[in-house]
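[1] coords please:
(chains A and B)
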2 protein chains.
Amino acid sequence: MNTKRIMSGIIGVLAGLLVAMIVFTDFNQTETVSSADNKTNAEKVYVAPGEQDDYYMMASGGHSGQLFVYGLPSMRLIRQVPVFSPDPATGYGFDKKSKEMLNGYKWGDFHHPAISETEGEYDGRALFASDVGNNRAAYVDLETFHTTDILEIPNISGPHCAAFVTPNSEYFFLPTRFSVPLGDEYVGLDDFSEEYKGVMSAVKPDFENNSLEIAYQVMLPPWSYDLSDAGKGQSNGWGFLSTYNTEEATTTLEINASQNDRDYIVMFNWEQISKEVEEGNYEEVNGVKMFDPLEHPGSVYLVPAPKSPHGVDVTPDGDHFIASGKLSPTTTMFSVEKALEAIENEDFQGEAQGLPILTYESVVDKEVEVGLGPLHTQFDDKGNAYTTLFIDSQVVKWDLESGKVIDKEEVSYSPGHLTAVEGDTAAPGGDWLVSLNKIAKDHYLSVGPSHPESMDLIDISGETIEVVGSAPSQPEPHYAQIINADKINTTEVYDKDEDRENAVWDQADTRIERDGDEVHVYGIAMRSRFIFDADSDRPDTVTVKEGDTVHFHITNTDRDEDITHGMGINGYNENFEIQPGETKTLTIEADKSGSYPIYCTNFCSALHQEMTGYLLVEPK
Amino acid sequence: MNTKRIMSGIIGVLAGLLVAMIVFTDFNQTETVSSADNKTNAEKVYVAPGEQDDYYMMASGGHSGQLFVYGLPSMRLIRQVPVFSPDPATGYGFDKKSKEMLNGYKWGDFHHPAISETEGEYDGRALFASDVGNNRAAYVDLETFHTTDILEIPNISGPHCAAFVTPNSEYFFLPTRFSVPLGDEYVGLDDFSEEYKGVMSAVKPDFENNSLEIAYQVMLPPWSYDLSDAGKGQSNGWGFLSTYNTEEATTTLEINASQNDRDYIVMFNWEQISKEVEEGNYEEVNGVKMFDPLEHPGSVYLVPAPKSPHGVDVTPDGDHFIASGKLSPTTTMFSVEKALEAIENEDFQGEAQGLPILTYESVVDKEVEVGLGPLHTQFDDKGNAYTTLFIDSQVVKWDLESGKVIDKEEVSYSPGHLTAVEGDTAAPGGDWLVSLNKIAKDHYLSVGPSHPESMDLIDISGETIEVVGSAPSQPEPHYAQIINADKINTTEVYDKDEDRENAVWDQADTRIERDGDEVHVYGIAMRSRFIFDADSDRPDTVTVKEGDTVHFHITNTDRDEDITHGMGINGYNENFEIQPGETKTLTIEADKSGSYPIYCTNFCSALHQEMTGYLLVEPK
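    Residues are numbered from 1 along each chain as shown, chains lettered A, B, ... in the order given. Sure thing, here's the model as predicted:
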């Protein structure tokens, strides 16, 4: 294959066209008064000091590995919640528990967040995350906004097409963007089509313990799985995945994975697969139950969809699924009823990698001409769909029933996903939509050669839609979900748990214990001092010997709202926070002698500056 | 000393009072129409989509170690710029250059940013940062918003009282919060007063090379140095530092460092010290020129100031300096003229640690009763001062001339610093002030037991002042500076430098070279593919052997605005970004065999998903 010649030809046309549109598109918006409620746009997005936003927007932080929590409609960033990467500010990845959870990983690529659901609606209990960079899944507890479990998943590479939850959070699924040889073996790329697999994982959340476990995996063809959605209503029990590179190209995908006019939507019956796995229809691979749909047919089907689809989105009623071919000018609406009928009737137009392909014409409901580069679709409560157009830099509103385009609005620029209030659920809202744009260019004050991503807030309460606010976003909001604020019930302070391991609640119980060269400090952080050993002349000093291993077990006994303490050890490269009522352990190797100030790093009171002590390391 | 008994007594009164105020204070603001310009508060803070903010606010990120760049008046977070801690999103600390710069440090505690100045005004060239956690200083280039140099500074601990620049950026100074034994020796705390020192560093910026070097250090008494400011006008050539713990307590500072009714402002003549150091009046300690003001008197003086002052702030005209005793209800204004006269006349009321103390009555101008817990003062262009009141949770406006309080405004809650437009300069603005609050409590949607910090935007354009906007802030804005947007001139793309080491601009020059078990990949990232070796059948695959060391030298040849590429290696725990026109090197140890997808992590085009390749590691 002469790749170089292909490059110099096709690239110039295809990429050149796209690039020109990304780089040279430039739009201006002017402020207008909405006819709907006579509020100016300024008033629509304004949340006065002391007032709270109506919605949480939970946005993936992409290659930062973290979760970003915004308030809507103000679009204020409330909190960065560390998930897949260390976080120096909170000491996530520093203290014992979070260090073990991160297990040496220094970054992650958090793609698509999924809030847990009950009866098809966000329930605000937990948020599930997937890491495309290092093949992990995470459980974020929405009572504490803490990551409570991280699962390393074998046999997979890049769970991009995730996470989506089933309507009662029975599972969340993580299909993968990359195919790799099964069992982590080394196999050359010449054997790609035979030996590489696109494995999908079914992960089961445990809401009692805020944890995760792998239920099983499903072996899929060596394609790229991009986005996904769970069925609901009549499609409950099914999952839908978009695919690209069904060409099975192994190089220069820009060209070679853009050859077929149609790729596939994968429909899989997770209820049936779960049953089959329970019945023993699997093989173990790397300790995981691997289900092979070729061995056990009847649960996985392919639906042809226009060229390299990005999003596949199930309508709120569960009756249709919509696939957007990013290299086509249309978005395609499929009928669940027709698809189930075609499966029933074995109305197949062929097979690919052994999986039956439903006849396109039997399943399609309509093709909607939305514009160039459709990527992802969300919904409102009035029967409308909203689709991002990456190439046109627009969001288009269209009518689900008629397929007619109602309005288009410029966004800045190159939107990937979009997210509506409760937009993935059986009961979407209808007031706000946020376009998650990949390119900001000149949209905000310049911060050098690289700009932030951008988010445009769109008022969808009227017949026409309008961008009314805009905010830079942190890297990189591949997707976000918007949940009603009243569904989130947070913990104010941690319980005073007398039985908690290593916790000390009474100053009299603080102590420093030595066992060989292991030193255990059972201490307290409180306004405005550390107490490591109340009986000592200097209760806030820890004296050890060079070569000791020192374990600081510190409890924040200030059980008042928002009184978090930090503990930094100057020159020892360590810091962690302890939230009100929390106990944490930090272990250090005292490998250099000297005097090292210990200090509270999280402002806690008027005497915060005085909250200091010393780690004294006596030379060997 | 029976510390426990003291604790159970004094603590109850002192801390209890403060804590109660922090925890139970609760205010509501309602939106009002300002009489000044008939704009609603919503309209004042609104920056319509596509419009840019008027000001940059550069905020320290405290124990995150990073710089947060906000736009004003919208208060939108534009960018997190990594400085002292690794940043997974950009690969800061991952690629060769930034990894060497961070040198294994996994966190920092960025306290006070200082924008470079020319003739006493911000010039927008660079921003200097100090790291309280690990004793470093950093140079952030404001053309690229990249950290270009980090200096590890010996002999010091916790450069909190920093950074402040001299009016023409001759130096920036880093006095320390903690005292440690000179030369990093181990010394017990019983010898604190004799053997511990509070060393201040003079760092010289090199604007040609965007780098830093230590010019000299100054040995100071073993006190805590909190905040600082440079003189200007008639005080040009002088620096001012606030101190606490002049009691030289070594434990339970909450009580023991709050004994003296007055601590000191240190006045030091940096012009004179710089000359003396040039003349050889120093000793070398750990390779640094150490100046001892006791050996060479006449350049360092003490001014008594009320109890544990936090801020010391020089008025825009340079005629006065203002010290705020955080445990007193007043802020004190001193006359520079009187201080210089007292020095001239040797009008001393005694000495401390060998340094002369100017007679308080000879130097004081007035004591202003501002309210409880004054911390830090900023200025406008009309002769007014603005002081934060930590305990009262207020910002107070007062008249510099008369010392009369003009207005007070509630903020939410417990403000530390405040920052006005160009507020540290000889020519402050007069429209906006931001109160940097330590406690947010119920001010925003709850994100668990720990809340973000908060910032209140205050309109100071009229006679009275009013909070008109509020935004959560990222941890922890100890201080921020606000600069006019037109003073920042950023680089749009990096030059196509043909001589740049390891850069490859032409596809034909891409190649993979092996030297023993070292493999060098000279590659290109461009929309929408990686080219590691254009002559290969698979130009985007790198095949190596287990045990090889692989150096990826990657140039982003897309020199278009905002087209940043990322390069992640799935399962190999590596990711870095390459901005338009930039070249970076990433080195990995290929220590596990298998097939590892390489992919672009920073969305770059419609075919971004296709921008992938493989790292194939053949087993040994």
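[2] Wait, A:Leu174 touches A:Lys204, no?
    No - between A:Leu174 and A:Lys204 there is no contact under CB atoms under 8 Å: 11.9 Å. The C-beta positions use only the backbone N, C-alpha and C, and glycine is treated the same way.
[3] quick one: which of those two has more around it?
    Neighbour comparison, A:Leu174 and A:Lys204: the larger count goes to A:Leu174, with 34 against 15 (by other CB atoms under 10 Å in any protein chain shown).
[4] Dig out what the more buried one forms beta bridges with.
    Judged by DSSP bridges, the bridge partners of A:Leu174 are A:Ser201.
[5] Could you break chain A into its assigned domains?
    With automatic domain parsing as the criterion, the domains of chain A are listed as A:95-420, A:507-618.
[6] Turn these into TSV, columns for mean pLDDT and distance to B:Gly61.
    Below are these laid out as TSV (pLDDT from 0 to 100; distance: least, CB to CB, whole Å):
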stretch	mean pLDDT	distance to B:Gly61
domain A:95-420	96	18
domain A:507-618	97	12
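[7] got those domains as CSV, with distance to B:Val312 columns?
    Below are the domains of chain A laid out as CSV (distance: least, CB to CB, whole Å):
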stretch, distance to B:Val312
domain A:95-420, 36
domain A:507-618, 14
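[8] Do a quick rundown of the helices in the stretch 251-400 of chain A.
    Remark: helices assigned in the stretch 251-400 of chain A by DSSP state H, counting those that start in this stretch are A:253-256, A:270-278, A:336-344, A:360-363.
[9] These: which one's closest to chain B?
    helix A:253-256 (3.8 Å; CB to the nearest CB).
[10] Could you find the closest non-adjacent residue to A:Gly104?
    The shortest distance from A:Gly104 to any non-neighbouring residue, by CB to CB, 6 or more residues apart in numbering or on different chains, is to B:Asn573 (7.3 Å).
[11] which secondary structure elements does the longest strand belonging to chain A contact?
    As assigned by DSSP state E, the longest strand anywhere in chain A is strand A:121-131. Packing partners of strand A:121-131 (3 or more CB pairs under 8 Å, 6 or more residues apart in numbering or on different chains; DSSP states H and E): strand A:114-118, strand A:136-141, strand A:200-206, strand A:480-484.
[12] now the angle from that strand to strand A:114-118?
    150 degrees (axes from the mean of the first three to the mean of the last three CA atoms, to 10 degrees).
[13] Pull the distance from stretch A:115-125 to the chain's centre.
    Taking CA atoms, centre = their mean, to the nearest Å, one finds stretch A:115-125 lying 16 Å from the centre of the chain it belongs to.
[14] Stretch A:394-413 too?
    From the chain centre to the centre of stretch A:394-413 is a distance of 26 Å (CA atoms, centre = their mean).
[15] Confirm for me that A:Glu589 is in contact with A:Thr549.
    Yes - counting by CB under 8 Å, A:Glu589 touches A:Thr549, with 5.8 Å between them.
[16] which one of those two has more residues nearby?
    The neighbour comparison of A:Glu589 against A:Thr549 (other CB under 10 Å) goes to A:Thr549, with 16 against 11.
[17] which ones are touching that one?
    Residues in contact with A:Thr549, defined by CB atoms under 8 Å, 6 or more residues apart in numbering or on different chains, are A:Asp517, A:Glu518, A:Val519, A:Thr587, A:Ile588, A:Glu589, A:Ala590.
[18] Tell me the bridge partners for it.
    Taking DSSP bridges as the rule, A:Thr549 bridges to A:Glu518, A:Glu589.
[19] any idea how far A:Arg511 is from it?
    A:Thr549 is 17 Å from A:Arg511, where distance means CB to CB, to the nearest Å.
[20] for A:Asn384, same thing?
    64 Å.
[21] who's more crowded, the two?
    More crowded of A:Asn384 and A:Arg511, by other CB under 10 Å: A:Asn384, with 21 against 15.
[22] hang on, isn't that one packed against A:Glu401?
    No - assessed by CB under 8 Å, A:Asn384 is found out of contact with A:Glu401, at 9.4 Å.
[23] Can you show me the helices along the stretch 101-250 of chain A?
    Listed in chain order, the helices of the stretch 101-250 of chain A (DSSP H, counting those that start in this stretch) span A:192-195.
[24] Tell me the residues of it that contact chain B?
    Counting by CB under 8 Å from any CB of the partner chain, the stretch 101-250 of chain A comes close to chain B at A:104-109, A:132-135, A:143-146, A:157-158, A:177-178, A:180-181, A:184-189, A:196, A:224, A:226, A:244-245, A:250.
[25] Narrow the residues you listed to those in strands?
    Counted as lying in strands by DSSP E, out of these, are A:His146, A:Val180, A:Pro181, A:Tyr196, A:Ser224, A:Asp226, A:Tyr244.
[26] List the beta-bridge partners for the first one.
    According to DSSP bridges, A:Asp141 are recorded as the beta-bridge partners of A:His146.
[27] wait, what's in contact with it?
    A:Val81, A:Val140, B:Gly448.
[28] Correct me if wrong: the second one contacts A:Ala129.
    Yes - A:Val140 sits in contact with A:Ala129 when judged by CB under 8 Å, with a separation of 6.4 Å.
[29] With neighbour numbers in mind, choose between those two.
    Neighbour totals were compared for A:Val140 and A:Ala129, and A:Ala129 leads with 31 against 24 (other CB under 10 Å).
[30] Would you confirm that the more buried one contacts A:Asp149?
    No - the criterion here is CB under 8 Å, and A:Ala129 misses it with A:Asp149 at 10.7 Å.
[31] who touches both of these two?
    Listed as contacting both A:Ala129 and A:Asp149 by CB under 8 Å, 6+ apart are A:Ala138.
[32] any idea how far A:Tyr186 lies from B:Ala485?
    From A:Tyr186 across to B:Ala485, the span is 53 Å (CB to CB).
[33] for A:Met57, that is, sorry about that
    27 Å.
[34] And for A:Phe552?
    The gap separating A:Phe552 from B:Ala485 is 45 Å, by CB to CB.
[35] Repeat that for A:Val140.
    Going from A:Val140 to B:Ala485 by CB to CB gives 36 Å.
[36] Checking my notes, A:Asn38 in a strand, right?
    No - under DSSP: H, G, I helix; E, B strand; the rest coil, A:Asn38 sits outside any strand and is assigned coil.
[37] Just give me the neighbour total for A:Leu340.
    A:Leu340, neighbours per other CB under 10 Å, totals 18.
[38] Setting aside sequence neighbours, what's the nearest residue to it?
    A:Leu340's closest residue in space is A:Gln234 (CB to CB, 6+ apart), at 7.7 Å.
[39] Kindly report the same for A:Ala480.
    Residue nearest to A:Ala480 in three dimensions, not counting chain neighbours: A:Ala59, with 3.7 Å by CB to CB, 6+ apart.
[40] for the one you found, which residues make a bridge with it?
    For A:Ala59, the beta-bridge partners are A:Phe68, A:Ala480 (DSSP bridges).
[41] Make sure it is actually in contact with A:Gly71.
    No - between A:Ala59 and A:Gly71 there is no contact under CB under 8 Å: 11.5 Å.
[42] Single out the most deeply packed of the helices of the stretch 251-400 of chain A.
    helix A:253-256 (a mean of 22; mean count of other CB atoms under 10 Å in any protein chain shown).
[43] Name the residues of the stretch 251-400 of chain A found near chain B, please.
    Residues of the stretch 251-400 of chain A found near chain B (CB under 8 Å from any CB) are A:251-254, A:257-258, A:308, A:310, A:326-327, A:373, A:390-391.
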